[in-house]
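Q: Predicted model and sequence below, questions to follow.
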Amino acid sequence: MAEETAPRSRPRRRGRTAALICTATVLGLVAGTCTGYLVQADREPTKLPPLSQAALARGTGKAPKPLSVDQDRQVRTEGDLRDLLLKKPSGAEEVDWLEASDGRLDLAGYAGTFGDPSREYEHLLHSEFRRAAVTGWEVDGAYSVEIRLIQYRQEEVLGAGGASATGQYHAGEGGVDDGGIPGTGDGRVYVYDRPVPGLESAPFPYQAEAHARRGDIAMEIWVSGAKRIEKKMITSLAERQMERL
């Protein structure tokens, strides 16, 4: 059985009185407008105020001294980003891949560290990626460390905060032991209890990571070891690195 369609309501007709009122209203508006134009035409033009303004008095006294590096963080972060990285500990071995990069990572180089470089390249462009620096070392064949500092322009997008939040989101997936990084507010470390899937037979199958940010710089630390990484060790490493920022 076909469904009944409700009949459409017809538009209500306006009475004669309403039509007369509308007509009178329109004529009144037209007459008022014409009268306004005639009145305005007979008036003298109003002079505009001058565009110039009174001269400002020059300040007296000595100019304030520029802020020191300890007081102005931007002075520190505008230099060579590699200078802010932790130095290789004495006795540690320098990793081979660091010689090829010279400690610098451009947009393509940093995007290449992700599983889908082309997609990450577009994302970094949107996030206003500026530059990145990296360092790393290996200790007694027991574990290796990689530290990255990624700086963003942050003109329209808060890239550093977004990068740190994204890193923490993915690091928190699965069974991990996590904890805060002192002095960072929202920085955290993540220690995996089991070997990384697919790396069980690798020299360093266990992994831990840290993510934090300060100003326009996001920090990433990756520690890979022959056995489970101690949370205290990577937390201390992250804390010392953030102090340099």
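A: Happy to help now that I have it.

Q: which one is Ala92 nearest to, not counting chain neighbours?
A: Trp137 (4.0 Å; CB to CB, 6 or more residues apart in numbering). In short, each C-beta sits where N, CA and C put it, glycine included.

Q: Contact partners for the residue most central in space within the chain?
A: Centroid-nearest residue in the chain, with CA atoms, centre = their mean: Gly159, separated by 1.6 Å. For Gly159, the contacting residues are Ser127, Glu128, Phe129, Tyr152, Arg153, Asp216, Ala218, by CB atoms under 8 Å, 6 or more residues apart in numbering.

Q: Please name the nearest non-neighbouring residue to it.
A: If the residues on either side of it in the chain are set aside, Gly159 comes closest to Tyr152, at 3.1 Å by CB to CB, 6+ apart.

Q: Which of the contacts of Gly159 has the largest number of neighbours?
A: Using other CB atoms under 10 Å as the neighbour test, the contacts of Gly159 are led by Ala218, with 26 neighbours.

Q: From the contact counts, what lies against whatever helix or strand that residue lives in?
A: According to DSSP states H and E, Ala218 maps onto strand 217-225. When contacts are defined as 3 or more CB pairs under 8 Å, 6 or more residues apart in numbering; DSSP states H and E, strand 217-225 sits against strand 143-152, helix 159-171, strand 206-214, helix 231-243.

Q: now the ones you listed in TSV, with mean pLDDT?
A: Compiled in TSV, these are given as follows (pLDDT from 0 to 100):
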stretch	mean pLDDT
strand 143-152	97
helix 159-171	94
strand 206-214	97
helix 231-243	97
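
Q: wait, which of the ones you listed is closest to Leu86?
A: Minimum separation from Leu86 across those (CB to CB) falls at helix 231-243, 5.2 Å.

Q: what about the residue nearest to Val176 when sequence neighbours are not counted, how many residues close to it?
A: Spatial nearest neighbour of Val176, excluding adjacent residues (CB to CB, 6+ apart): Tyr190 at 4.6 Å. Using other CB under 10 Å, Tyr190 has 23 other residues around it.

Q: likewise Ala208?
A: Other residues near Ala208 number 28, with proximity taken as other CB under 10 Å.

Q: Could you pull out the helices in this structure for me?
A: Taking DSSP state H to define them, one finds helices in the chain at 16-42, 73-77, 96-101, 107-111, 117-126, 159-171, 231-243.

Q: remind me which residues of the protein are low pLDDT?
A: Applying pLDDT under 70 to the chain flags residues 1-42, 52-56, 59, 61, 63-77, 174.

Q: and the closest residue to Asp216 other than its chain neighbours, what is it in contact with?
A: Closest residue in space to Asp216, ignoring its immediate chain neighbours: Gln154 at 4.7 Å, by CB to CB, 6+ apart. Gln154 makes contact with Glu128, Ala160, Asp216, according to CB under 8 Å, 6+ apart.

Q: is it true that the first one touches Glu155?
A: Yes: at 6.2 Å, Glu128 counts as touching Glu155 under the criterion of CB atoms under 8 Å.

Q: Which residues are in contact with each of the two?
A: Common neighbours of Glu128 and Glu155 (CB under 8 Å, 6+ apart) do not exist.

Q: returning to what we had before: bridged to the residue nearest to Ala92, which residues?
A: Bridge pairing for Trp137 (DSSP bridges) gives the partners Glu94, Val145.

Q: mind listing what it touches?
A: Contact analysis of Trp137 by CB under 8 Å, 6+ apart lists Lys88, Pro89, Ala92, Glu93, Glu94, Val95, Ser144, Val145.

Q: what's the answer for Ala171, then?
A: By CB under 8 Å, 6+ apart, the residues touching Ala171 are Asp178, Arg188, Tyr190, Glu209, His211.

Q: circling back to that earlier point, ranking the helices and strands packed on strand 217-225 by burial, who's on top?
A: Among the helices and strands packed on strand 217-225, strand 206-214 has the highest mean neighbour count (mean count of other CB atoms under 10 Å), at a mean of 25.
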